[in-house]
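1. fold the stuff below for me.
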Amino acid sequence: MSAVDFLRGALTIFFVMLFAGGVAYVGDRVGHQVGRKRLTLFGIRPRYTSTIVAVGTGMVIALIVTLGAIFASNQVKTAFFQLSSINAQISQLQSREKELEEKVSTGQLVVPNDTLMVPFYRLVPQSATSAQRLSSIEDYYTKSVAYMNETYIRLDLKPFKPPANYQRLLSDLSNASLMQAQLSQGNVLLTVSSSQNLFAGDQIHFAMNATPDTRRFVKGQPIATLTIPGNGSASANIALSEVQTAVTARAKSREVQMPSYLASNVQALQVIPGISQMQAMMAKPGTYLMTAYAAEDVYPHTGGIPLIIVLTQAK
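-> Take a look at the predicted model:
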C-alpha cells in the first residue's frame with residue numbers, strides 16, 4: 001500500500017466519522033424538538049414519537065446523501081450494484097494471467113510481438129481511387145492470410161479464420177480519416193505484423209499496418225555517431241553493435257517514426273575501414289568517431305535501414 005492510498009483511506013474514514021456524527025446530531029435535535037412539543041405520531045406516546053422521528057430523520061439524511069453519491073459518481077454506483085460482476089471479472093483476469101505466466105515460462109515462442117509475418121508488402125498509390133484502394137487492401141489481406149496459414153501451421157500455430165465482417169473492417173480501414181491523412185503525404189505502405197507473442201498452439205493473430213511511405217533518411221545522411229576512447233580494450237564488434245542500436249533508436253524516434261519491425265532491421269552494407277583495421281585503429285590512444293550513414297534514401301518500403309559505417313579519428 002502506497003502512502004497516497006493510505007492517506008486517502010484515512011481521510012475517507014475520517015469523513016465517514018464526521019458524517020455519521022452530523023447525522024446523529026441532527027436526528028437527536030429533531031427528536032428533542034418533537035419531544036419538547038409533545039407531538040404524537042399515530043397515537044404513539046410523545047417520548048416514543050421523538051425517538052422514531054430522530055431515527056427516521058437520520059435514515060432520510062443518509063438515504064439522500066447515498067443517492068446523491070450514486071448519481072454523482074460512477075465508481076460509487078459500480079460499488080453498490082456491480083461489485084459481484086467486478087469480482088468475477090477480476091477472478092477471470094487472474095486466471096488468465098496465471099495461464100499467460102505458465103505459457104511464457106514453459107511455452108515455445110513461435111513469433112515475438114511486433115514482428116513482420118509476411119515477406120511482402122503492398123503500396124497503395126496516393127492517386128488510387130476509393131474503389132482501387134479498397135481492392136488493393138482486400139487483395140493484400142487475402143494473400144497475407146493464405147501465406148500465414150500455409151507457413152505458420154507448420155510451426156504449430158492454429159490457422160487464422162477471417163471474421164464474418166472482415167470486408168466491412170477492411171472497408172473501414174480503407175476509408176478511415178487516418179488513411180486519408182496518410183495518403184495526403186504520399187503513397188501508403190501496407191504491412192502485416194504480429195499483434196502479440198504467439199506461442200505453439202496459439203491461433204494466428206496479426207495486425208495490418210498502414211504507414212506513410214515517406215522518405216525517412218536521405219542517402220549519405222549521418223544517422224548516429226558513437227564516440228570511442230582509444231585503448232587496448234576497445235572492441236570494434238561491440239562498437240558496431242552499439243552504433244546500429246543507436247540507429248534503431250533514432251529510426252523509432254518521434255522525429256522519424258519508422259515502425260519498430262522496420263527500424264530494427266539494420267544492415268551494415270559497408271564498413272570503412274574493415275573490422276580488423278578498425279580494431280587496430282582503436283587500440284591506439286586517441287578519440288574515435290564511428291558514424292552510421294544512410295547507404296541510400298530510406299523509405300518504409302526499403303524494408304530496413306541499409307548503412308555505411310565509417311570510423312574516423314576525432315580532431
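
2. my read: Ile275 touches Asn237, true?
-> Yes. In this structure Ile275 lies within contact range of Asn237 using Cβ atoms under 8 Å: 6.9 Å. C-beta: built from backbone N, CA, C; applies to glycine.

3. those two: which is more packed in?
-> Between Ile275 and Asn237, counted using other Cβ atoms under 10 Å, Ile275 has the larger neighbour count: 15 against 10.

4. so what's the residue count around the closest residue in space to the more buried one that isn't next to it in sequence?
-> Leaving aside its sequence neighbours, Ile275 sits nearest to Ala236 (Cβ to Cβ, 6 or more residues apart in numbering; 5.1 Å). Neighbours of Ala236 under the rule other Cβ under 10 Å: 23.

5. quick one: contacts for Ala236?
-> Ile275, Ser276, Met278, Gln279, Met282, Leu311 (Cβ atoms under 8 Å, 6 or more residues apart in numbering).

6. list the contacts for the fourth one?
-> Read it as Gln279. Residues in contact with Gln279, defined by Cβ under 8 Å, 6+ apart, are Ala234, Ser235, Ala236.

7. tally of neighbours for Ser73?
-> Neighbours of Ser73 (other Cβ under 10 Å): 11.

8. separation between it and Arg250?
-> Remark: distance between Ser73 and Arg250 (Cβ to Cβ, to the nearest Å) = 46 Å.

9. mind listing the helices for this structure?
-> Listed in chain order, the helices of the chain (DSSP state H) span 3-36, 46-72, 74-81, 83-106, 130-152, 166-175, 177-183, 236-252, 260-263, 275-282.

10. sorry, back to before: looking at the contacts of Gln279, which is nearest Arg133?
-> Of all the contacts of Gln279, Arg133 sits closest to Ala236, with 47.7 Å by Cβ to Cβ.

11. just the mean pLDDT for stretch 223-230, thanks.
-> Taken as a whole, stretch 223-230 has a mean pLDDT of 94.

12. actually stretch 260-278, sorry about that
-> 95.

13. sorry, back to before: now the contacts of Gln279 as CSV including distance to Val124?
-> Output for the contacts of Gln279, formatted as CSV (distance: Cβ to Cβ, whole Å):
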residue, distance to Val124
Ala234, 47
Ser235, 44
Ala236, 42
